[in-house]
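Engineer: Give the three-dimensional model of this entry:
(2 chains)
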Amino acid sequence: MAKVVTKSAREPMFHVAKRDDLPWWQAWGIRVITILISFLLVGLLCVVVTGQSFGESFEMMYSGVFGRLFQGHTTMLWKYLQEIAILLSLALALTPAFKMKFWNCGAEGQALMGGLASIICMIELGDKLSYPVLLAVIAVTSIIAGAIWGVIPAIFKAFFNTNETLFTLMMNYIATQIIAYYVYIKGGGSNVINPVEAGNFPSVAGNDYFVNIVVVTVITVLMYIYLKYSKQGYEIAVVGESQNTARYIGVNVKKVIIRTMIISGALCGVTGMLLVAGKDHSININSVGGQGFTAILMSWLGQFNPFIMVIMTAIVVFLRLGVAKVADTALLNSSFSEIMVGIVILMLVGCEFFIHYTIKFKQKKGVVA
Amino acid sequence: MKKLIALVLCLVMVASLAVGCGTGVTNTDTDSNVKVGFIFLHDEQSTYDKNFMDAAKAACEQMGVGYAQKTQIPESKDCYDAAVELIEVDGCNVIFADSFGHESFLIDAAKKYPDVQFCHATGTQAHTAGVKNFHNAFASIYEGRYLAGVAAGLKLNEMIEAKEITADKAKMGYVGAFTFAEVMSGYTSFYLGAKSVCPTVTMDVKFTGSWYDEQKEKEAAQALIAGGCVLISQHADSMGAPTACETAGVPNVSYNGSTVAACPNTFIVSSRIDWTPYFKYMIQCVEEGKEIDTDWTGTIETGSVVLTDINEKAAAKDTAKKLDEVKAKLLDGSINVFDTANFTVKGEKLTSYKADVDTDAAFEKDTEAIENGVFYESKHRSAPYFDAEIDGINLLDRNYG
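Structural biologist: Numbers count the residues shown, from 1 in each chain, chains lettered A, B, ... in the order given. From the prediction side, this is the model:
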């Protein structure tokens, strides 16, 4: 029954309420407008900081991402797609775990271990195996290495209920130190492993990143199907919603946790392989470069939907490369790019809040609330 | 109303993107046919990169050429991609990269763009790679370290005279990045410089395992001071060690540039490589269509090895005068930094030393570096290769990365 509010000193100025689901087009309208406003804001900040005009700032951003595409130079575009592919593949790897509410913060370490497996194969087996066999061995070992690094915290979580966030984070440090040690052994004190010729992914039509991009495209589609249409995908969703419900309907929760983390770790391992065999042909502790953490945000912003993640990673990578160009051209500090990406991500996270919640302001007294 | 604003914003976005299509970026409009592209590992927050960035700006302005830069480029294929961007988007025809690990990726780019010149600091592969448009450069910074070491030795002498310490307590501390030739050559020459004026000096060395880690460098300096070191120097790129010295009131011989602003009471002097002469040489060669040296070594004479102003407040009296004397002797060749008469290894004089000069996977010690009783550093290639552990220097730990 409605109550007449007379006078209450305690009533707050506003309160937050969960709102009913918006129609999809309204929700997407809010997102698109947020993206546009955030780009506008980034553009304005570029203008303020660099003293260029608005148009020049975006021109610079464009050239930092696409280069001189219309003059027939496609290298930069491929680089852009490659950067998207790596970040996306890490986000995809994290998604099944996140959907299960298993907070895998260890993409960095799992990818490094996959990369380590690749570089070991390239160095030790490069002259012993034929090229196709070598590639197959690289793929299998990288997947296994990543999966092992992912499944260890999962086993502890499933059987001892350890905190997976801390566990996976700690595993990152161990992976980093293992890489540092390996670089020391193979780098001979110079701290650098020179690129290895054997076991590199082939370049297609003069393009080194083609294979990486194709692999990630395939993973994107498969992940979508796996999560949406497979029985395992459904089990993941149920375990994520409520472990008790899952048990009630006969899902073996331990098994699902372990299986899902094997998949998550294995896909991180694949990313490590893409970075080592498909890009650097070498490894160091910065090979993944913190993208394992950005990927967490990408997975969330993509609402665990692989295709939305494509859009989100494309936006974030565009900003990262584009604003870096603005900063470099204006001889600015490179943190500028990170700040801009941070602003946009914050705004995107903020807009999700307004899609799911509404703010109700205090109404005038005497009005039926 | 809101929708209208949103629509306008959309249009602005689209319009600005359309404007952006396909124009290159130039920093300066000049007559020169040269445009230099610089690839830096970090940005100006690292003293190492700042030293390169300042020189890049100075050289390009003096020569009147345009330049573009990419900062925060890791030692990976990203270096290759950055070079491609600088060439294709910014139209650069000389590319320079400043970090050791950039080298192999830069060589790949050099193979792809044979008409563009590629120059690389601190690298080792140019003299064996056989890529005509790829060049290495470094400087005989050991001479600068030696001079800085002389300034340190004079300070120790002053402390001994003032009875602050006894001669046998004259122990210096050194914060190094990694246990390899570039750092080892640096601290050994620093030590030999100090020893040339203060014969009883000894030195402890600690490694951080990172070129740039302010906290670790600070902690290493503090540990050295706690261990009885009365003067600190460093070969790492942050302000960690200098500020630790200022807090503790311990004199500091710095590197890469003056830290006097942050450390007015303890900064003595700093040695550094000035890259401006090399950049100007590189630009001039391209302008005139001449070959750039495959392996260029800057010296005191070329103006590449320099000392900053001496901080009279912390330095010993007459340091400047003495340094000028020693500098003259280095220039005329009457002093050789690594003269085997001045140091021993495990109690014995070195008569032969094989150094790893040519890059190979097995790190073969391939070249005899000692001639006529002198270890000739930076002669067989520009990047340092002195990595003997001499008596008097005590390595407290090792860190190979």
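Engineer: Give me the buried positions along stretch A:268-286.
Structural biologist: Buried residues in stretch A:268-286, defined by neighbour count with 16 or more other Cβ atoms under 10 Å in any protein chain shown: A:268-285. No exception for glycine: its C-beta is placed from N, CA and C like everyone else's.
Engineer: does it come close to chain B?
Structural biologist: Yes: judged by Cβ under 8 Å from any Cβ of the partner chain, stretch A:268-286 comes into contact with chain B at A:279, A:280, A:281, A:282, A:284, A:286.
Engineer: Redo these as CSV? Include distance to residue A:311 and pLDDT.
Structural biologist: Putting these into CSV (distance: Cβ to Cβ, whole Å; pLDDT from 0 to 100) gives the following:
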residue, distance to residue A:311, pLDDT
A:279, 23, 96
A:280, 27, 95
A:281, 31, 95
A:282, 32, 95
A:284, 31, 93
A:286, 27, 92
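Engineer: Just the ones of the residues you listed in strands?
Structural biologist: Counting by DSSP state E, no part of the residues of stretch A:268-286 next to chain B is found in strands.
Engineer: Reformat these as JSON lines; add distance to residue B:179.
Structural biologist: Formatted as JSON lines, the residues of stretch A:268-286 next to chain B follow (distance: Cβ to Cβ, whole Å):
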{"residue": "A:279", "distance to residue B:179": "29"}
{"residue": "A:280", "distance to residue B:179": "25"}
{"residue": "A:281", "distance to residue B:179": "26"}
{"residue": "A:282", "distance to residue B:179": "21"}
{"residue": "A:284", "distance to residue B:179": "17"}
{"residue": "A:286", "distance to residue B:179": "20"}
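Engineer: For those, name the two members farthest from one another.
Structural biologist: Longest distance between any two of the residues of stretch A:268-286 next to chain B is 15.2 Å, between A:281 and A:286; criterion Cβ to Cβ.
Engineer: Just the CA atoms of stretch B:205-219, as PDB, please.
Structural biologist: Written as PDB, here are the backbone C-alpha positions of stretch B:205-219 (Å, rounded to 0.1, in the frame of the first residue of the first chain):
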ATOM      1  CA  VAL B 205      78.600  -4.300  -5.900                       C
ATOM      2  CA  LYS B 206      74.900  -5.200  -5.700                       C
ATOM      3  CA  PHE B 207      72.700  -6.000  -8.700                       C
ATOM      4  CA  THR B 208      69.000  -5.200  -9.000                       C
ATOM      5  CA  GLY B 209      68.100  -7.400 -12.000                       C
ATOM      6  CA  SER B 210      66.400  -4.500 -13.700                       C
ATOM      7  CA  TRP B 211      67.400  -1.500 -15.700                       C
ATOM      8  CA  TYR B 212      64.700   0.500 -14.000                       C
ATOM      9  CA  ASP B 213      63.300  -0.300 -10.600                       C
ATOM     10  CA  GLU B 214      63.400   2.700  -8.300                       C
ATOM     11  CA  GLN B 215      62.500   0.700  -5.200                       C
ATOM     12  CA  LYS B 216      65.100  -2.000  -5.700                       C
ATOM     13  CA  GLU B 217      67.800   0.500  -6.600                       C
ATOM     14  CA  LYS B 218      67.000   2.500  -3.400                       C
ATOM     15  CA  GLU B 219      67.100  -0.600  -1.300                       C
END
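Engineer: so where's the stretch 51-200 of chain A shaky on pLDDT?
Structural biologist: Filtered on pLDDT under 70, the stretch 51-200 of chain A yields the residue ranges A:188-190.
Engineer: got the residues of it near chain B?
Structural biologist: Residues of the stretch 51-200 of chain A lying near chain B (Cβ under 8 Å from any Cβ): A:54-55, A:57-64, A:67-71, A:73, A:75-76, A:79, A:180, A:183-184, A:187-192, A:194-195.
Engineer: Spell out the residue ranges of the helices in the stretch 201-350 of chain B.
Structural biologist: B:214-226, B:240-248, B:276-288, B:319-332 (DSSP state H, counting those that start in this stretch).
Engineer: what packs against the first one?
Structural biologist: This means helix B:214-226. Under the contact definition 3 or more Cβ pairs under 8 Å, 6 or more residues apart in numbering or on different chains; DSSP states H and E, helix B:214-226 sits against strand B:171-176, strand B:202-207, strand B:231-235, helix B:240-248.
Engineer: And chain B, what are its domain boundaries?
Structural biologist: B:31-140+B:276-298, B:142-272+B:307-335+B:383-395 (automatic domain parsing).
Engineer: now the helices: where do they sit in the stretch 251-369 of chain A?
Structural biologist: Under DSSP H, counting those that start in this stretch, the stretch 251-369 of chain A gives helices at A:253-275, A:291-301, A:306-329, A:335-356.
Engineer: Turn those helices into CSV, including distance to residue A:152 and mean pLDDT.
Structural biologist: As requested, the helices of the stretch 251-369 of chain A are arranged in CSV below (distance: least, Cβ to Cβ, whole Å; pLDDT from 0 to 100):
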stretch, distance to residue A:152, mean pLDDT
helix A:253-275, 9, 97
helix A:291-301, 16, 94
helix A:306-329, 26, 94
helix A:335-356, 30, 90
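Engineer: Deepest-packed of those, please.
Structural biologist: helix A:253-275 (a mean of 26; mean count of other Cβ atoms under 10 Å in any protein chain shown).
Engineer: tilt between it and helix A:291-301?
Structural biologist: Angle, helix A:253-275 to helix A:291-301, by axes from the mean of the first three to the mean of the last three Cα atoms, to 10 degrees: 120 degrees.
Engineer: Mind giving me the packing neighbours of helix A:253-275?
Structural biologist: helix A:75-99, helix A:107-124, helix A:131-160, helix A:210-229, helix A:231-241, helix A:243-248.
Engineer: Give me whichever of those is most buried.
Structural biologist: Mean neighbours per residue, mean count of other Cβ under 10 Å, is largest over those for helix A:107-124, with a mean of 28.
Engineer: what packs against that helix?
Structural biologist: Packed next to helix A:107-124, using 3+ Cβ pairs under 8 Å, 6+ apart, are helix A:75-99, helix A:131-160, helix A:164-187, helix A:253-275, helix A:291-301.
Engineer: want to throw those helices into JSON lines with distance to residue B:49?
Structural biologist: Output for these, formatted as JSON lines (distance: least, Cβ to Cβ, whole Å):
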{"stretch": "helix A:75-99", "distance to residue B:49": "23"}
{"stretch": "helix A:131-160", "distance to residue B:49": "33"}
{"stretch": "helix A:164-187", "distance to residue B:49": "21"}
{"stretch": "helix A:253-275", "distance to residue B:49": "24"}
{"stretch": "helix A:291-301", "distance to residue B:49": "22"}
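Engineer: Thanks a lot, catch you later.
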